[in-house]
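Q: Everything below, folded, please.
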Amino acid sequence: MTRICRGILVILAVLLLYIPATIAKFRTALIIKLEGAINPGSAGYVVRGIRHANKIGACLVVIQLDTPGGLSGSMRQIIKAILNSPIPVVIYVAPSGAGAASAGAIITISAHIAAMAPGTNIGAAHPVGPGGKDINKTMSEKVVNDMASYARGIAKEKQRNADWIEKAIRESVSITAEEALKKHVVDLIATNIDDLLKKINGREVVLANGSRITLNTKDLQRLYYKPSLRDRVLGTIGDPNIAYILMMIGLTGLYFELAHPGAILPGVLGSISLILAFYAFHTLPVNYAGLLLIALGLILFILEIKVTSYGMLTIGGVISLFLGSMMLFDNAGVSLSLIMPTVAMFSAFFFGITYLAIKAHSERPISGAEGLIGEKGIVERWEKDKGLVFVHGEYWNAESDEELAPGDKVEVKALKGLTLSVKKEIKS
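A: Numbers count the residues shown, from 1 in each chain. This next block holds a predicted model:
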């Protein structure tokens, strides 16, 4: 049986080695679907896809694009892979209704061939700050000028409309597929992948090494490159909003675990969430001042429970949490529509705890020895200034300066060791 198993494994290994050669033999076009925000997860997926295409000997890479934009660093990573690809890369904005906005527009013009489906659009590439907010004027000029010169250089290299891409960056203009074709922003319009491969057949492209090749896309086999589990996970948590949510869940879970040791579940969930959040932070442009402000806010919330400041620490925590959330990421912030309810929820929770803590401090103790002060009871037996009283469901030794008799109603004045000091209850 062992020999049979070994034989099967050897056969499988040989077949796996044979697969790339078989794919190459049948002339393959590798198709990569890039949908959603441009972030480290999607950038890694595209870069690995282009490497895989080269590894299996594919003739062509087609990136089907539909994106609202994303991180500048991730965009540059994708463009670098496209510009230096030893295989022609086609960007195809599709299907109808899709768009190549912001970073997607610059990625599109970097391709060896840029194509769009009818009913799609491209443009609106003006850089924005965290949460989609405008960047301050001085910083905006630097970022816009840098992005404009970067995009112009790519457009000129690919012989596309450099003036239009600069306008898209500076003025956020957006155009349809038909307009993009007329303005020489893209090379062609194709209704689907079949139409695309048909129309690019015979076109000449220039690769990074300067070599010119003529595309032969007739009878190309299609191979779809699917994202790995790592790509999908990183693509999800690489979204600044998701990373922010994970961090807040993690901090909340750890707080509850510290406040209620032994609960286990909050600590486990909190730890997992924080690990995922910090993994995402490793790939995102984190502003550590923002991270420290969030941590300070939570510390102030916890101190409010321990030290009664009548809400002052909580107010400081709210301000710190809000500012930290706004500053958490550079050039790719958390959405304000997510920050506001999150900060409001934390604020309401800790204001509620603060209220209960203040109320508890102002009330008379209702448990322990101090809780007996002011309680009413009945004298069971009495001799001179000492006796036995029944208070709060228990029998206690008692003493008093007043003359008492069995059956008298008394009120506890103080507790001396295990003896109550009582006085006769005054009838109202």
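Q: The longest helix along the chain packs against which elements?
A: The residue-count maximum for a helix in the chain (DSSP state H) belongs to helix 336-362. Using 3 or more CB pairs under 8 Å, 6 or more residues apart in numbering; DSSP states H and E, the elements in contact with helix 336-362 are helix 240-259, helix 288-306, helix 312-327. Every residue, glycine included, has its C-beta placed from N, CA and C.
Q: Switch those over to TSV; also include mean pLDDT and mean neighbour count.
A: Below are the helices and strands packed on helix 336-362 laid out as TSV (pLDDT from 0 to 100; neighbours: other CB atoms under 10 Å):
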stretch	mean pLDDT	mean neighbour count
helix 240-259	85	19
helix 288-306	84	17
helix 312-327	88	20
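Q: would you turn these into CSV with distance to L336?
A: Formatted as CSV, those follow (distance: least, CB to CB, whole Å):
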stretch, distance to L336
helix 240-259, 11
helix 288-306, 14
helix 312-327, 8
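Q: so which of the ones you listed gets nearest N209?
A: Evaluated over the helices and strands packed on helix 336-362, closeness to N209 peaks at helix 240-259, with 37.0 Å, by CB to CB.
Q: Low-confidence ranges, the protein, go.
A: Where the chain drops to pLDDT under 70, the residues are 1-26, 128-139, 283, 308, 330-333, 354, 357-358, 360-371, 428.
Q: where do the strands sit along the stretch 101-250 of the chain?
A: Ranges of strands in the stretch 101-250 of the chain, per DSSP state E, counting those that start in this stretch, are 113-116, 121-123, 174-176, 188-189, 204-206, 212-214, 221-225.
Q: Parallel or antiparallel, which strands does the first one pair with?
A: Just to be clear, that refers to strand 113-116. Using DSSP bridges, strand 113-116 pairs in its sheet with strand 89-93 (parallel), strand 188-189 (parallel).
Q: okay, the ones you listed in TSV with mean neighbour count and distance to N145 next?
A: What follows is these, written out as TSV (neighbours: other CB atoms under 10 Å; distance: least, CB to CB, whole Å):
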stretch	mean neighbour count	distance to N145
strand 89-93	28	25
strand 188-189	18	31
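Q: Tell me how far the residue in the chain sticking out farthest from the centre lies from A243.
A: No residue in the chain sits farther from the centre than K384, which is 75.5 Å out by CA atoms, centre = their mean. Separation of K384 from A243 (CB to CB, to the nearest Å): 76 Å.
Q: Please name the residues that touch the residue farthest from the centre of the chain.
A: Residues in contact with K384 (CB atoms under 8 Å, 6 or more residues apart in numbering): none are found.
Q: still on that earlier bit, for the strands of the stretch 101-250 of the chain, give me JSON lines that also has distance to R48.
A: Listed next are these as JSON lines, based on distance: least, CB to CB, whole Å:
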{"stretch": "strand 113-116", "distance to R48": "21"}
{"stretch": "strand 121-123", "distance to R48": "25"}
{"stretch": "strand 174-176", "distance to R48": "30"}
{"stretch": "strand 188-189", "distance to R48": "27"}
{"stretch": "strand 204-206", "distance to R48": "22"}
{"stretch": "strand 212-214", "distance to R48": "23"}
{"stretch": "strand 221-225", "distance to R48": "8"}
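Q: Of all those, which one is nearest S347?
A: Of those, nearest to S347 by CB to CB is strand 174-176, at 38.5 Å.
Q: hmm, who's touching the closest one?
A: Contacts of strand 174-176 (CB under 8 Å, 6+ apart): 99, 101, 119-124, 164, 168, 183, 185.
Q: ok, and the most crowded of those residues?
A: Counting neighbours by other CB atoms under 10 Å, I122 leads the contacts of strand 174-176 with 30 neighbours.
Q: name the element the residue nearest to that one when sequence neighbours are not counted belongs to?
A: Nearest residue to I122, sequence neighbours excluded (CB to CB, 6 or more residues apart in numbering): A100, at 4.5 Å. Using DSSP states H and E, A100 sits within strand 99-101.
Q: tell me what that strand is packed against?
A: Using 3+ CB pairs under 8 Å, 6+ apart: strand 99-101 touches strand 60-66, strand 89-93, strand 121-123.
Q: As TSV, the ones you listed with distance to I249 would be great.
A: What follows is the helices and strands packed on strand 99-101, written out as TSV (distance: least, CB to CB, whole Å):
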stretch	distance to I249
strand 60-66	29
strand 89-93	36
strand 121-123	36
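Q: and of those strands, who's closest to V334?
A: Nearest to V334 among the helices and strands packed on strand 99-101 is strand 60-66 (23.1 Å), distances taken as CB to CB.
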